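Asks: Give me coordinates for this.
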Amino acid sequence: MEQSSMTSARILLVYTGGTIGSFEDSDTGALRPLDFEHLRKRVPEVDALEVELDFEALAPIDSSDMTPERWSELARLLFLRRDRYDGFVLLHGTDTMAYTASALSFMLPDFGKPVVLTGSQLPIGVLRTDGKENLLTAIEIAAKWDSMDAHRGPLIREIVVYFGDKLMRGNRAHKHDAEGFQALVSPNFPALAEVGVHVRFRRDLLLRPRGEARLNEAFSRGVTVVHLTPCLTPDTLEHLLLIPGLRAAILRTYGSGNAPNNPDFLAVLAEAQKRGVFLVNVTQCTVGSVDANRYVTGAGLTRIGVEPSLDITLEAALTKLMVLAAEHGDLESLRAAFKLDFAGEQTPADLIR
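Replies: Predicted coordinates:
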């Protein structure tokens with residue numbers, strides 16, 4: 001990859017936990033978290049990279065233990081280090097990587113510098129690990145200058161995920177495989193870059209800041225997800241939507257946004273909205289978008305005010321709502337904000353159809 005002949009990029013490597021950093025202590029047999037010396041021992045190639053690499057570790061956790069408070073800690077760290085570094089690489093467990101990448105994209109709007117999340121399916125000390133290639137390429141991507149920018153800015157200026165030879169927009173990523181090395185995919189948006197012998201970037205897809213970098217730390221926990229099944233009764237649905245303090249609920253619908261056309265079911269949703277609960281229609285399908293008017297069973301939701309979400313992922317819809325619900329106190333204000341594109345998280349309706 002191209003590097004400036006004048007100076008090397010300064011990159012901060014942030015370790016948060018996850019499989020990539022787990023290694024077995026030769027004396028005790030217990031798994032220990034990563035430190036920089038262990039990283040350099042296992043991946044000596046990092047010393048050959050033309051970057052200034054610093055290392056910082058948070059208290060390591062399994063990514064299944066990820067919380068909004070941890071997202072706030074990460075966002076704050078990145079924002080406070082923003083002017084000191086040219087780019088950032090976050091080592092993260094795969095299970096909630098897409099949630100973290102999505103959350104950071106809404107917490108750090110217009111960040112203007114690369115934040116590359118990566119990890120692995122096998123620990124970095126294992127012979128067949130995918131962690132080494134993921135780590136080295138993530139660092140190279142974070143350090144890539146934009147050769148077409150007269151001010152020598154970074155090429156990537158958003159929150160992204162690099163995994164298994166694909167660079168993805170962070171809020172478009174989704175974990176779809178528990179065992180394969182292509183664990184994360186971008187089901188509804190093209191890869192920002194594909195990595196083979198060469199790294200081929202899609203410059204036409206890359207985001208550019210539209211304003212000053214900001215930090216949004218506040219989250220609302222008053223957001224829930226309701227997964228529709230043929231067994232879900234109106235009584236159960238009502239119970240799920242009566243959670244104290246509930247501000248918004250994501251309905252995981254069938255196909256292109258379909259749900260029961262049962263009048264009792266729709267009445268429960270209508271009552272929830274009268275109480276100020278914002279309802280969003282997100283399909284259960286990995287690939288595709290919500291077309292709420294395609295079938296009668298989807299149009300019924302739209303008619304009572306359930307917001308169609310187009311092709312947004314569950315991870316992005318959830319974290320976007322959590323951030324926006326902390327800023328907007330009423331249903332209609334929240335609805336208007338949710339419809340806006342903040343970080344390339346959804347395709348405009350006129351481009352989907």
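Asks: Would you quantify the distance from residue 40 to residue 162?
Replies: 20 Å (Cβ to Cβ, to the nearest Å). Placement of C-beta: from N, CA and C, glycine included.
Asks: With residue 324 instead?
Replies: 27 Å.
Asks: what do you get for residue 240?
Replies: 36 Å.
Asks: Of residue 40 and residue 162, which one has the most company?
Replies: Using other Cβ atoms under 10 Å, the more surrounded residue of residue 40 and residue 162 is residue 162, with 30 against 14.
Asks: and the more buried one, what pLDDT?
Replies: For residue 162, the pLDDT comes out at 96.
Asks: Can you point out the helix or strand that includes it?
Replies: strand 159-163 (DSSP states H and E).
Asks: That strand - contacts with which helices or strands?
Replies: Under the contact criterion of 3 or more Cβ pairs under 8 Å, 6 or more residues apart in numbering; DSSP states H and E, strand 159-163 touches helix 97-107, strand 115-118, helix 131-142, strand 166-169.
Asks: comparing the ones you listed, which gets the lowest mean pLDDT score?
Replies: Across the helices and strands packed on strand 159-163, the lowest-scoring stretch is helix 131-142, with a mean of 91.
Asks: all strands of the stretch 251-353 of the chain, in order?
Replies: Taking DSSP state E, counting those that start in this stretch to define them, one finds strands in the stretch 251-353 of the chain at 278-283, 307-308.
Asks: Can you tell me, leaving aside adjacent residues, what's nearest to residue 286?
Replies: residue 187 (4.9 Å; Cβ to Cβ, 6 or more residues apart in numbering).
Asks: Then that neighbour would be within a helix, right?
Replies: No. Read with DSSP: H, G, I helix; E, B strand; the rest coil, residue 187 is coil and lies in no helix.
Asks: Model confidence at it, what's the number?
Replies: pLDDT at residue 187 comes out at 94.
Asks: Quick check: it touching residue 312?
Replies: No. Residue 187 is beyond contact range of residue 312, at 10.9 Å (criterion: Cβ atoms under 8 Å).
Asks: More neighbours: which of the two?
Replies: residue 312 (26 against 15).
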